[in-house]
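Trainee: predicted model and sequence below, questions to follow.
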Amino acid sequence: MMTPRPILSALRRHKIAAFLIVLEIALAFAIVSNAVYLVMGRLQRMDIHSGIDERDLVTLQISSSGNAGVPSAEADLAALRTIPGVQSASAVNSLPFTNSSWNSDFTKTPGQDATGYPATIYLGSRDLLPTLGVKILAGRGFSSDQYTDLTPATMLSAFFKPTQVIVSKAYAEQLWPGGNAVGKLLYVDKSQGQIVGVMSNIVRPQLSDSGTDPSNFYAVVLPFRVGPDLDASYVLRAAPAARERVLKAAVTKLQAMHPTQTVTKQATLSQMRREYFANDRAMAWLLVSTILALLGVTAIGIVGLASFWVQQRTRQIGVRRALGARRRDILRYFQTENFLLATAGIALGCAAAIGINVWLMAHYAVPRLPIIYLPIGAVALWLLGQLAVLGPALRAARVAPTVAMRAA
Amino acid sequence: MLEMREVSKVYRTETVETHALRGFSLKVDEGEFVAVTGPSGSGKTTFLTIAGLLEDFTRGEYLLDHVNVHGMNDNQRSRLRNEKIGFVFQAFNLIPDLNVLDNVEVPLHYRHMSGGERRKRALAALERVGLSARLKHYPAELSGGQQQRVAIARALAGGPRLLLADEPTGNLDTAMARGVMELIEEIHREGATIIMVTHDPELAARAQRNVHIVDGMATGVSEEPRFHPGLRERTAGDVSLPRS
């Protein structure tokens, strides 16, 4: 490393060019560090583990209206279970990776004034949890005789009767941290439910912006059977590698059973996940493109300025060589100069990055930028600078000392 | 101090071969002040670039302070150049972005010298050329004569064994040229070995010995050597004439 003082002295004589490159590096640092953080957030969200065994699950939905009246979920499920390759089938009011869900604020004490903890309510039929691959971790599941049918007509009254509840592990931890939730009571206003079991986590249909938010897994299951009249879907677990065939056969079977009604939805869970995160994926790509473009422009700026300075200082480089500088001394001069400019840019960029993050927090509910992104960004910008300056610096190092002898 | 034996330098392109030096021989003893003269294109500058280790030669032998420099790699030549040679250029060649003090320190940076030692040497050299009051000035703020004095201070700061001057007064008016020449003579009187390339016969006459180059060959000693007071007497005839 060269002594920085004479390099700084020389830079002071080229204030505007030096300031512009520092500004470019600062802007790149500030925007890139925030953009990388946003990309990481999107990737984390897209990578969320749903808590269900998605691979061999398919779902389909039939319209609730038609000339033949509302189809019976039990009859449909019985028929669907006869399809070769179907291992399990259940109705379900909503599934992960959809934009429709039933949610309620449950409280630990009765009454409207109690503190509520929002959770998603999953309803279906007896086979819902095994079909989804969700396990009971403590307590027990519901027995067949505990299920009651839920229809639009009975929905309100059904919810006001005492019932039983299975809660997700994350929700149990939220309500009774470190304690045993089994046997405890939950309320919606004055309606009471007793927790009979704790299940493995299942993700809520609508995720929060952060993939690591524990509230993504606040869920309860109630022992109500739902059908197409409540816009329920059917979810089928297929034998490995049979899901496409099973889905096709299930659609054919339902259409045969209800010729006047329409299958309104058919998809594998993998497709649903892909579609659900399409916007996140597009945003991530957009941000990645922006990051690459910014870094590219910054690198071009550094190459441009360094090349200009090498050309402008050719004689000076020759003189330094004549006075005893080795090629590597010239190389280091330009590398050190770039390091100093990048350091100034990074210092300015740190302040700007925090400023941008504060603005994003205020206007777009973006979480606070973790401090670790700043040193990582700094190293990236230093490396980019060194890489960008290498070409011009190598050209400078090749300047012959005889250049000093040429007439000025 | 410097001994060249039958040194040749040939520049080759795809179509042209230019013989810049042809069997050039010269011996300069320690403490000598030699002027190298000759018309434009005669090979004066080529001689200086080879003597200053700025480029290699094609054939022959060159001993600098008893070290054979032929075949040295770039790093070795740079190091030897930095430690043993001081350059004074016609165009001064100061770095415009650095002040006087920083300019004088430039060659010392390449010796891994401590900051304090660099500063001490640079200040002493500037004191020597009478520019102690201009440390923070930039080259553009100095007259030509002052710039050349800074260049001389830069050349002296490293304590070189040999001072090579290329037309040191070529860019100066008469008054400034006289001042710079007096400084060079003073440095010589203090014991420095100096080789000065010039096309000015008047300046050449102030050296102890003149070597005239024509077509890359030393054609002879233009006059009898003179001796500055305080220098030991030495024998003439150190210029080897090329065989014709």
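Mentor: That came through, no problem.
Trainee: contacts, neighbours, all on C-alpha from now
Mentor: OK.
Trainee: sec struct for B:Asn210, please.
Mentor: Here B:Asn210 takes the strand state, with states given by DSSP: H, G, I helix; E, B strand; the rest coil.
Trainee: and the nearest residue to it once chain neighbours are set aside, how many neighbours?
Mentor: Counting by Cα to Cα, 6 or more residues apart in numbering or on different chains, B:Ala35 is the residue found nearest to B:Asn210 once chain neighbours are left out, at 4.7 Å. Under the neighbour criterion other Cα atoms under 10 Å in any protein chain shown, B:Ala35 is assigned a count of 26.
Trainee: helices and strands around the helix or strand where B:Ala35 lies, which ones?
Mentor: Using DSSP states H and E, B:Ala35 falls within strand B:33-37. Contacting strand B:33-37 under the criterion 3 or more Cα pairs under 8 Å, 6 or more residues apart in numbering or on different chains; DSSP states H and E are the following elements: strand B:193-197, helix B:201-204, strand B:209-214.
Trainee: and the residue in chain B positioned nearest to chain A, what does it touch?
Mentor: For chain B, the nearest residue to chain A under the criterion Cα to the nearest Cα is B:Asn82, separated by 4.1 Å. With contact taken as Cα atoms under 8 Å, 6 or more residues apart in numbering or on different chains, B:Asn82 is in contact with A:322-325, B:107, B:110-111, B:158.
Trainee: let's see 10 Å
Mentor: Counting by Cα atoms under 10 Å, 6 or more residues apart in numbering or on different chains, B:Asn82 makes contact with A:320-326, B:52-53, B:76, B:107-111, B:155, B:158-160.
Trainee: the nearest residue to A:Ala241 once chain neighbours are set aside and B:Leu123, how far apart?
Mentor: Nearest residue to A:Ala241 in three dimensions, chain neighbours excluded: A:Asp56, at 7.3 Å (Cα to Cα, 6+ apart). Remark: distance between A:Asp56 and B:Leu123 (Cα to Cα, to the nearest Å) = 83 Å.
Trainee: buried residues, the lengthiest helix in chain B. List them.
Mentor: The single longest helix within chain B, with elements called by DSSP state H, is helix B:174-189. By neighbour count, and taking 16 or more other Cα atoms under 10 Å in any protein chain shown as the criterion, the buried residues in helix B:174-189 are B:176-177, B:179-180, B:183-185, B:187-189.
Trainee: helices and strands around that helix, which ones?
Mentor: Contact analysis of helix B:174-189 by 3 or more Cα pairs under 10 Å, 6 or more residues apart in numbering or on different chains; DSSP states H and E lists strand B:33-37, helix B:144-157, strand B:162-166, strand B:193-197, helix B:201-204 as its packing neighbours.
Trainee: does the residue of the stretch 101-250 of chain A found nearest chain B sit in a helix, a strand or a coil?
Mentor: Using Cα to the nearest Cα, the single residue of the stretch 101-250 of chain A nearest to chain B is A:Ser210, 52.0 Å away. Here A:Ser210 takes the coil state, with states given by three-state DSSP.
Trainee: so what's the residue nearest in space to the middle of chain B up against?
Mentor: In chain B, the centroid-proximal residue (Cα atoms, centre = their mean) is B:Leu164; its distance is 0.5 Å. Contacts of B:Leu164 were listed using Cα under 10 Å, 6+ apart, and they are B:34, B:48-49, B:51-52, B:85-89, B:155, B:193-197.
Trainee: looking at the residues you listed, which is nearest B:Tyr62?
Mentor: Of all the contacts of B:Leu164, B:Tyr62 sits closest to B:Ala51, with 8.1 Å by Cα to Cα.
Trainee: count of neighbours near that closest one?
Mentor: Residues near B:Ala51, counting by other Cα under 10 Å, number 24.
Trainee: what pLDDT is listed against it?
Mentor: The pLDDT attached to B:Ala51 in the predicted structure is 94.
Trainee: hey, where'd the strands end up in the stretch 151-300 of chain A?
Mentor: For the stretch 151-300 of chain A, applying DSSP state E, counting those that start in this stretch gives strands covering A:163-168, A:185-188, A:191-199, A:219-225, A:233-238, A:263-268.
Trainee: out of the helices and strands packed on helix B:174-189, which gets the lowest mean score?
Mentor: Across the helices and strands packed on helix B:174-189, the lowest-scoring stretch is helix B:201-204, with a mean of 88.
Trainee: now do the buried residues in it.
Mentor: Counting neighbours by 16+ other Cα under 10 Å, helix B:201-204 gives B:203-204 as buried.
Trainee: for A:Ala219, give me its contacts.
Mentor: With contact set as Cα under 10 Å, 6+ apart, A:Ala219 has these partners: A:103-104, A:118-122, A:166-172, A:199, A:201-205.
Trainee: in the chain, which spans are helices?
Mentor: Picking chain A for this. The residue ranges that make up the helices of chain A, judged by DSSP H, are A:4-12, A:15-46, A:73-81, A:128-132, A:155-159, A:169-175, A:243-257, A:269-276, A:278-312, A:314-322, A:327-364, A:373-397.
Trainee: wait, chain B
Mentor: Listed in chain order, the helices of chain B (DSSP H) span residues B:44-51, B:74-84, B:100-109, B:115-128, B:144-157, B:174-189, B:201-204.
Trainee: for A:Val399, find the nearest of those.
Mentor: The closest approach between A:Val399 and any of the helices of chain B, judged by Cα to Cα, belongs to helix B:74-84 at 12.2 Å.
Trainee: quick one: that closest one to chain centroid distance?
Mentor: On the basis of Cα atoms, centre = their mean, to the nearest Å, the separation between the geometric centre of helix B:74-84 and that of its chain is 15 Å.
Trainee: can you check stretch B:61-73 too?
Mentor: 17 Å.
Trainee: B:Val100 and B:Ala151 touch, don't they?
Mentor: Yes - the pair B:Val100 / B:Ala151 is scored as a contact, 9.2 Å apart, by Cα atoms under 10 Å.
Trainee: hey, what's in contact with both of these two?
Mentor: Shared contacts of B:Val100 and B:Ala151, defined by Cα under 10 Å, 6+ apart, comprise B:94, B:126.
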